[in-house]
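Visitor: Here is my input; please provide its structure:
(2 chains)
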Amino acid sequence: AVQLVESGGGLVQPGKSLKLSCSASGFTFSSYGMHWIRQAPGKGLDWVAYISSSSGTVYADAVKERFTISRDNAKNTLYLQLNSLKSEDTAIYYCASPPRGYWGQGVMVTVSS
Amino acid sequence: DIQMTQSPPSLSASLGDKVTITCQASQNINKYIAWYQQKPGKAPRQLIRYTSTLVSGTPSRFSGSGSGRDYSFSISNVESEDIASYYCLQYDNLPPTFGGGTKLELK
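Guide: Predicted coordinates:
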């Protein structure tokens, strides 16, 4: 069965950094593009970033130049480096392949002083 | 980016009702639309992909249709377990974009 397990979330002060990880299993991770999607408390789903199987990347304007998506196919792991965090980045972050219906359980990131 | 306009934002239904949610894309998305259900505290769960293909495990009371820019999602005979929020997602173009969501409540 497909499993995506996120880790690395927590409480962080504005301006600080955090790195999220997503461990994948049950499918050929290296063959698929992967996404990070976030959901602010009580709000809808917002796409954050995408990385192709060949590591090409695309970012939402709101996170461009602050967040970096990467992958390690040898470790079947997806990453999201979050820098210069703002209060509006507070959300549950999901590792996902939305077209295929693959989603992790999500990890909470809270940006607050 | 393709915009997905989902309506209504909320819906009140009685058990056994049929309900319909619509999504209109800002351009033709070639049937590349999926529908998701999300319950509080849970990750979204895909119910339908490519407009009308039910994902394994999705009850047959769920259905989807549409083409071009206009798509719909229906639940016939609403059950209590269907109380949740629903989202459409277009995946024809990068970035994938979601509709604003529809919260289904019991009347």
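Visitor: count of neighbours near residue 48?
Guide: Picked chain A for this. 22 (other Cβ atoms under 10 Å in any protein chain shown). (C-beta placed from N, C-alpha, C; glycine too.)
Visitor: hmm, I had chain B in mind actually
Guide: 23.
Visitor: What are the neighbouring residues in contact with the residue in chain A that chain B sits nearest to?
Guide: Relative to chain B, the nearest point of chain A is A:Gly101 (3.2 Å; Cβ to the nearest Cβ). Taking Cβ atoms under 8 Å, 6 or more residues apart in numbering or on different chains as the criterion, A:Gly101 is in contact with B:34, B:45-46, B:49, B:55.
Visitor: Out of the residues you listed, list just those in helices.
Guide: Among those, no member falls in helices (criterion: DSSP state H).
Visitor: restrict those to contacts with chain A.
Guide: B:34, B:45-46, B:49, B:55 (Cβ under 8 Å from any Cβ of the partner chain).
Visitor: With distance to A:Val48, neighbour count and pLDDT as extra columns, can I get these in JSON lines?
Guide: Listed next are the ones next to chain A among the contacts of A:Gly101 as JSON lines, based on distance: Cβ to Cβ, whole Å; neighbours: other Cβ atoms under 10 Å in any protein chain shown; pLDDT from 0 to 100:
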{"residue": "B:Ala34", "distance to A:Val48": "18", "neighbour count": "26", "pLDDT": "98"}
{"residue": "B:Arg45", "distance to A:Val48": "20", "neighbour count": "16", "pLDDT": "97"}
{"residue": "B:Gln46", "distance to A:Val48": "19", "neighbour count": "22", "pLDDT": "98"}
{"residue": "B:Arg49", "distance to A:Val48": "21", "neighbour count": "23", "pLDDT": "98"}
{"residue": "B:Val55", "distance to A:Val48": "24", "neighbour count": "16", "pLDDT": "97"}
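Visitor: Nothing else from me, thank you.
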